[in-house]
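K.L.:
Here is a sequence together with a model predicted from it:
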Amino acid sequence: MKEGRKLEEAEWISAVLNGEHQAFGHLVTRYQGMVYRVCVKITGEAESAKDMAQEVFIKAYKALPSFRGQSTFSTWLYRIAYRTCLDWKRANDREWKHRSAADYTENDWVTSQTPEHAVLEQEQSAELGENVNSLAEPYRSVVQLYYFQRNSYQEIAEQKGVSVKTIESQLYRARQMMRRQREELR
């Protein structure tokens, strides 16, 4: 992450912790896209994702005093989003299991995704998250910026203060490492 951007975030976090609550809005603006994408991927529903994204920022705001800076703010926030949405998914799945046949509408029965496919997708998503988190720097942050935050090579290069070729090379190596990790698990 570009030092200026990291410093700016540190200032916003410090301001919030010192009672300037409106500074949290800067963090929300910067990361709302990433959080929403994580929520959509896990919930599979745009409306639920919006609700979950709001819940994520509320949790992050309340937990901000516990942010120690051992990881980047985006990584910390990503974990909150991921866990919050998984908790929602588990609770939502339990709710569906307890419904009787009379509670279902015709549209509830029509789905393009089988339960087996949904479970497989969820397992793959969790495996991917673990693989990304196990990468060493700078590979982990480059993967997160490119795949999860949808930044371009150019944007990542500017943030990190390196060339676009370096970013391409780091992403290539990160994919190789993750591929090897996946093969070792099989």
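P.N.:
Good, I have the coordinates. Residues are numbered from 1 along each chain as shown.
K.L.:
Now residue 67, what are its backbone angles?
P.N.:
The phi/psi pair for residue 67 (degrees, to the nearest 10) reads phi -70, psi 120.
K.L.:
Pop out the phi and psi values for the residue nearest to it when sequence neighbours are not counted.
P.N.:
Leaving aside its sequence neighbours, residue 67 sits nearest to residue 76 (CB to CB, 6 or more residues apart in numbering; 5.7 Å). In short, each C-beta sits where N, CA and C put it, glycine included. Torsion angles at residue 76 (phi, psi; degrees, to the nearest 10) stand at phi -60, psi -50.
K.L.:
ditto for residue 150
P.N.:
phi 60, psi 40.
K.L.:
Who are the contact partners of it?
P.N.:
Applying CB atoms under 8 Å, 6 or more residues apart in numbering, we find residue 150 in contact with 33-34, 37.
K.L.:
Can you give the contact residues for the helix or strand containing residue 59?
P.N.:
Secondary-structure assignment from DSSP states H and E places residue 59 in helix 46-63. Outside helix 46-63, the residues within contact range by CB under 8 Å, 6+ apart are 16, 24, 27-28, 32, 35-36, 39-40, 42-43, 76-77, 80-81, 84-85, 88, 92.
K.L.:
7 Å - rerun?
P.N.:
Here helix 46-63 makes contact (CB atoms under 7 Å, 6 or more residues apart in numbering) with 24, 28, 32, 35-36, 39-40, 43, 77, 80-81, 84-85, 88.
K.L.:
now swap in stretch 85-93 and tell me
P.N.:
Here stretch 85-93 has contacts from 38-39, 42-43, 52, using CB under 7 Å, 6+ apart.
K.L.:
Stretch 15-23 too?
P.N.:
Under CB under 7 Å, 6+ apart, the answer for stretch 15-23 is 12, 24, 64-65.
K.L.:
now do stretch 162-173
P.N.:
Taking CB under 7 Å, 6+ apart as the rule, stretch 162-173 contacts 138-139, 142-143, 146, 153-154, 156-157.
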